[in-house]
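>>> For reference, the sequence and a predicted model appear below.
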Amino acid sequence: MLTTYIIFVALWTAYMAFETYTFTRPQSRPHFVGFLITSVLLAPLSFVISAASGVLRDRVTAAYKAAQNQKREFMTNGGKKKLIG
């Protein structure tokens, strides 16, 4: 159980570090050590908040909508299938 938690925290911290240090202005980035401490301690809470109303939810819903639109477009533009040969 502890191993699963450590793996989860490591993956979530890596994801949050990528998000923070890629998309945030340098002036508003937290100090690296403070970021690691708060990410490790608050990883489950951070994950729940992000999944419920944060960036993670926005990305998941955007990907779902894009997949639905692509499927709908494929079905409407498919027309009658032709056999090759």
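Cool, the structure landed.

>>> Can you point out the buried residues in the helix or strand containing Glu73?
Using DSSP states H and E, Glu73 sits in helix 55-77. Residues Leu56 are the ones in helix 55-77 that count as buried (16 or more other CB atoms under 10 Å). In this view, the C-beta of every residue, glycine as well, is placed from N, C-alpha and C.

>>> check contacts around the most centrally placed residue in the chain.
Central residue of the chain (CA atoms, centre = their mean): Leu56, 4.3 Å from the mean position. Neighbouring residues of Leu56 by CB atoms under 8 Å, 6 or more residues apart in numbering: 47, 50.

>>> switch the cut-off to 6 Å
Neighbour list for Leu56: Ser50 [criterion: CB atoms under 6 Å, 6 or more residues apart in numbering].

>>> go on, Phe35?
Phe35 makes contact with no residue under the criterion CB under 6 Å, 6+ apart.

>>> where exactly do the strands run in the chain?
Counting by DSSP state E, the chain has no strands to list.

>>> low-scoring stretches of it, by residue?
Applying pLDDT under 70 to the chain picks out residues 78-83, 85.

>>> Gln68 and Thr61: what is the separation?
Look at Gln68 and Thr61: by CB to CB, to the nearest Å, they are 10 Å apart.

>>> Sorry, slip of the keys, the one I care about is Ile37.
Counting by CB to CB - Ile37 and Thr61 are separated by 31 Å.

>>> now do Ile84
According to CB to CB, Ile84 stands 38 Å off from Thr61.
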